[in-house]
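Q: pasting the structure only:
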């Protein structure tokens, strides 16, 4: 198989380099070349110093999918057997749907390949069985992209908060609902109008039932409950209530109560001792529904199609994960992060070392604090005529533009605070000007200089 | 060595169980038994189904530290050699300080033990060397607790966002500064008063220099830049500016600009092609300083001693991690999560399987949506006398208390919306009452029922 030229280890250690590279290399096959699939391929191609190599792209009618920016070594196919019989180490499933997807994933695991999938409905339904099959085959199945797109909440709950005993997970897991509710709130429009607008802009499907009625979110909640609360729960056992009954008048009332309305997915574990026995009864309170949330809550501040998850633990309290819940690139980040995690663990198993497989090399860049920003200059002066003029002269000599001058009323002339904001420029320019300014005799104290981020 | 009785596998498979347990067991030694150390010990003891066993606790004057809630098998010692010569697999360092800590960590790694540390100053200064030493010894060093306490930002950047190409990290990494600035803002008090108050409440040290002048935050920023931006940067190369010059008048001005003031740690990687050569010049813009941030930014909403990190990637955009940045329990969660990560990878190496070592077993609880909450009932009625009376009667018969009744003015009598909020009760009680209510003839549509979270 031809390798892309840039992979060749240069110089006199080329042979050793090649061998080393082969041992560390991880071959990746991609099932599905839609929005997420092509983003995954793009990230894999653009990633520097990577040991990951894309070997196959599978799609229906693959001819019309071919792109010129992938290496010629990539095999385009419509046949799963081409992938299963290949030397791919990791099969990435971003086709969606339950069948033939599940069969193909099972066959990939059974043929000794690890799997990365973004398929929430499949993982919500068959996750435990697929994980069991993966273990049996000494392989892995990762599904970080199945919930909240690019927000690393699956790894966050499993690894980052693995040391806590989580008992509650609340989240905004469906960007479509969040967008529609935000629009009803912001524009006082009826639900039906907000839905049509979301459909027009591509934020809602032609058939929006999965999103609006909470079926999408409850599959994600089932996955989070399994990963974070260690509860085996089927999505169909989670009550899901539609947001379609919400009217703009409800936002008016909610606001009067200091709240807003969001589609909230919530799972909370409660263990209570049964009076009649020593066994504790564990109940999982779980629902996906529109609910009032306090304006001060992070859940109330989630805008447009963003996602947010708040996990509550016995020891660590509340931890928040937020970001882009959908979209090709953010979802692809989650997929590639999973690929890297598998590649790292495969290499650890081979070489018995903690490796940095697939990690970009460290650079030692020059470090500077010379941010370009708008600036805030706060003065405390003994007032007299001509102060602004002399400051403005010094600033303009340095090529710095004043944006605004603010002075709060009612301050004593001997200790007069006032503010100058500057248009965007380098911090070092401002510091130079301040060296002159700080020697002026009308200043009570040196000027306070802050960047405006 | 005696095992705590509850570890014994019961029944006829006891022998096999014991053997299996031994192969999977991971012995943990704890250096330091202060706030964080004792929290780590407590979590390890209380954790169900764990394969982790605490074997040693090292502290100065260890006699006065002994507690009765640890198993008697734990060896209490003042001598590092007791730990280094033991069968501990993982050494957890939560003593702080640079020496003898660094020596001890080096000796632990050199004697074939993995290390978990919460020591930001040490990792900021010597992280790369210690990681190198760990690799050389086929061991690991994890330091998730060194930045932002219980917020899993190290694993989030390394694993969760490993597939992205991050170029900017901004954060509120010092709870003391955030508390002091919040207090100046909320109460209009001078900096010195806010500092004294923070000291009195234990939020600031007697010598607050490390926090106030940004030295604590810049060590954390150096670690984040290394993990997230792959930049090898020394903390002393990061400009740190004190928050001590901030006055309450600055918050007044900042608010007029739609901003607030926070101590912001920021690192941003910029790569620009050098005109004279093909090599790209990489600059890291990095500083810890008080800065104006827009009120709409998540950074502006961080309250009290919370921490927050916003990571920006080329593909995934902005991702937010927030939570408790300090405190014994949250920091201990980060430490135990690191211990589990090492235990998992050790087991993977031994058994060549993807294991769930150290993970609590899954439970299959009963699932219910019957949350106890306050409730929002919104009606649309044809107005007539007695409506509230008939609703109130039905609700009170179900034992449900009304909290408030709201009606917005100016609506037509034939389509009159109004709101009843209920005191906390079970959702099922409300649903029962609504079955009766929804058959009342003055309703234009069924009542909308939302929980208030």
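A: Structure received. Not measured: the values here are computed from a predicted model.
Q: who's in contact with residue A:399?
A: Counting by CB atoms under 8 Å, 6 or more residues apart in numbering or on different chains, residue A:399 touches A:425, A:429. (C-beta placed from N, C-alpha, C; glycine too.)
Q: tell me the SS of it?
A: coil (DSSP: H, G, I helix; E, B strand; the rest coil).
Q: how close does it sit to residue A:423?
A: 10 Å (CB to CB, to the nearest Å).
Q: what does residue A:449 give?
A: 15 Å.
Q: and what of residue A:283?
A: From residue A:283 to residue A:423 the distance is 59 Å (CB to CB).
Q: equivalent analysis for residue A:239, please.
A: Distance from residue A:239 to residue A:423, by CB to CB: 54 Å.
Q: of the two, which one has the most company?
A: With neighbours defined as other CB atoms under 10 Å in any protein chain shown, residue A:239 and residue A:423 compare such that residue A:239 has more, 17 against 11.
Q: do I have it right that that one meets residue A:285?
A: No. The criterion here is CB atoms under 8 Å, and residue A:239 misses it with residue A:285 at 9.9 Å.
Q: need the overlap of contacts for those two.
A: Counting by CB under 8 Å, 6+ apart, the residues touching both residue A:239 and residue A:285 are residue B:369.
Q: all helices for chain A, in order.
A: Here chain A has its helices, by DSSP state H, at A:14-24, A:35-46, A:80-84, A:101-110, A:120-136, A:153-155, A:175-187, A:191-200, A:209-212, A:215-229, A:248-256, A:328-351, A:387-397, A:427-437.
Q: closest to chain B out of those?
A: Distance to chain B, taken as CB to the nearest CB, is lowest for helix A:328-351 among those, at 2.8 Å.
Q: buried residues in the closest one?
A: A:328-349 (16 or more other CB atoms under 10 Å in any protein chain shown).
Q: pLDDT weak spots in chain A?
A: Within chain A, the set of residues satisfying pLDDT under 70 comprises A:1-24, A:49, A:273-280, A:348-361.
Q: spell out which parts of the stretch 51-200 of chain A neighbour chain B.
A: A:128, A:134-135, A:138-140, A:144, A:150-152, A:155-156, A:159-165, A:170 (CB under 8 Å from any CB of the partner chain).
Q: filter those down to the ones in strands?
A: The strands, defined by DSSP state E, take in residue A:170 from these.
Q: so among the residues of the stretch 51-200 of chain A next to chain B, which ones count as buried?
A: Buried among these by 16+ other CB under 10 Å: A:134-135, A:139-140, A:144, A:150-152, A:155-156, A:159-165, A:170.
Q: deepest-packed of the helices of chain A, please.
A: Greatest average neighbour count among the helices of chain A goes to helix A:153-155 (a mean of 30), per mean count of other CB atoms under 10 Å in any protein chain shown.
Q: could you name the helices and strands sitting against that one?
A: Judged by 3 or more CB pairs under 8 Å, 6 or more residues apart in numbering or on different chains; DSSP states H and E, helix A:153-155 is in contact with helix A:215-229.
Q: elements contacting the helix it packs on?
A: Looks like helix A:215-229 contacts helix A:120-136, helix A:153-155, strand A:166-172, helix A:209-212, strand A:239-240, strand A:259-273, strand A:280-294 (3+ CB pairs under 8 Å, 6+ apart).
Q: out of the buried residues of helix A:328-351, which touch chain B?
A: Near chain B, by the rule CB under 8 Å from any CB, you find A:329-330, A:332-341, A:345, A:348-349 out of the buried residues of helix A:328-351.
Q: of those residues, closest to residue A:382?
A: Nearest to residue A:382 among these is residue A:330, at 54.4 Å by CB to CB.
Q: thought the closest one was touching residue A:324?
A: Yes. The pair residue A:330 / residue A:324 is scored as a contact, 3.8 Å apart, by CB under 8 Å.
Q: so what sits against both of these two?
A: With CB under 8 Å, 6+ apart, residue A:330 and residue A:324 have common neighbours A:149, A:150, A:151, B:316, B:317.
Q: look up how far residue B:254 lies from the fourth one.
A: The one in question is residue B:316. Residue B:316 is 30 Å from residue B:254, by CB to CB.
Q: do the same with the last one
A: Applying CB to CB, the value for residue B:317 to residue B:254 is 26 Å.
Q: just residue A:385 next, same as before
A: From residue A:385 over to residue B:254 (counting by CB to CB), the distance is 28 Å.
Q: same deal with residue A:206?
A: Distance of residue A:206 to residue B:254, given as CB to CB: 46 Å.
Q: now do residue A:393
A: 26 Å.
Q: over to residue A:225?
A: From residue A:225 over to residue B:254 (counting by CB to CB), the distance is 42 Å.
Q: thinking again about what came up before, pull the most distant pair out of the ones next to chain B among the buried residues of helix A:328-351.
A: Maximum distance among these (CB to CB): 30.5 Å, for A:329 and A:349.
Q: beta-bridge partners for the closest residue to residue A:246 other than its chain neighbours, please?
A: Distance criterion CB to CB, 6 or more residues apart in numbering or on different chains; nearest residue to residue A:246, sequence neighbours excluded, is residue A:290 at 5.5 Å. Listed beta-bridge partners, residue A:290: residue A:263 (assigned using DSSP bridges).
Q: is it correct that residue A:290 is in contact with residue A:178?
A: No. Between residue A:290 and residue A:178 there is no contact under CB under 8 Å: 10.8 Å.
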